[in-house]
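Structure for this input, please:
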Amino acid sequence: MKTQIRTLVFGLGMAALGAAGATTVSAVAGPGFERPAHGPHARGPKMPGARFAHAVSKLDVTDEQQAMLDDLRESTRADMMALHQAHRADMDGLKEQFLGDGDVDRDALHAMLDEHGADRLAMAHTFLDKVVDLQATLTPDQKAELRDLAGEMEARREQRREAIESGEAPRRRGRR
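Numbering: from 1, shown residues only. Model (predicted):
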C-alpha cells in the first residue's frame, strides 16, 4: 500500500512538472497560426512562432531565409536536447524524494519547477527572436502568400473541428 501511494504521488509530481513546462512555452504566433488551447488540435508546434516558421518553410524562400530556417531548426533541437539532459538529473532527484523513506522537500521541488520553467521560457524567447528576425526578411509577396496559407490552415482546422464535433471524423490519437 505504501509503495502504491508513493508511486501515485510520484506520478502526480511528474504530471505537474510536465504541465508547468508545457504551459511555460505555449504561446501564439499571430492570426491564423494559433495553437488551440484544448481539443484534438492542441498538439503540434508549441514554441511561440513555431506555426509561423513552419508556414514560412512552405514558401519559395531565398538562400538566406533557408539558412535562417535551418539554423532555427538545428539550434532549437540542440537547445531542447541540452535542456532535456540537464533536467534529467533533477527528475532522478524527484524520483528519489518521492520513493525514498525521508520527507519530501517541498521548497526544493518548487525551486526545481521554477528553474525548469525559467529555462524553457529563456529557450522560447531565443526561438521567438529568431522567428522575428526571419519575418523581417520576408518580401511583401511572401507575406501575402503567408496570409493566404494562414487562412487555408485555419479553414482546414475549422473543417476538422466541425467533422469531429458532428461525429463524422474520428479523433486523432498521438502525433502524426
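
Buried residues in stretch 107-125, which are they?
Buried residues in stretch 107-125, counted by 16 or more other CB atoms under 10 Å: 109, 112, 113, 116, 117, 119, 120, 123, 124. (Each C-beta comes from the backbone N, C-alpha and C, glycine too.)

Residue 81 versus the fifth one, what's the distance?
From residue 117 over to residue 81 the distance is 19 Å, taken as CB to CB, to the nearest Å.

Where does pLDDT dip in this protein?
Applying pLDDT under 70 to the chain flags residues 1-48, 171-176.

farthest pair in the buried residues of stretch 107-125?
Using CB to CB, those span at most 22.5 Å, a distance reached by 109 and 124.

Chain neighbours aside, what residue packs nearest to residue 79?
Distances taken as CB to CB, 6 or more residues apart in numbering place residue 123 nearest to residue 79, at 5.2 Å, with adjacent residues excluded.

List phi and psi for the one you found.
Dihedral pair for residue 123: phi -60, psi -40, per degrees, to the nearest 10.

correct me, but it touches residue 82?
No: checked against CB atoms under 8 Å, the pair residue 123 and residue 82 is beyond contact range at 9.3 Å.

how much space is there between residue 87 and residue 57?
With distances taken as CB to CB, residue 87 is found 28 Å from residue 57.

Comparing these two, which residue is more hemmed in?
Taking other CB atoms under 10 Å, residue 87 and residue 57 do not tie; residue 87 has more neighbours (18 against 15).
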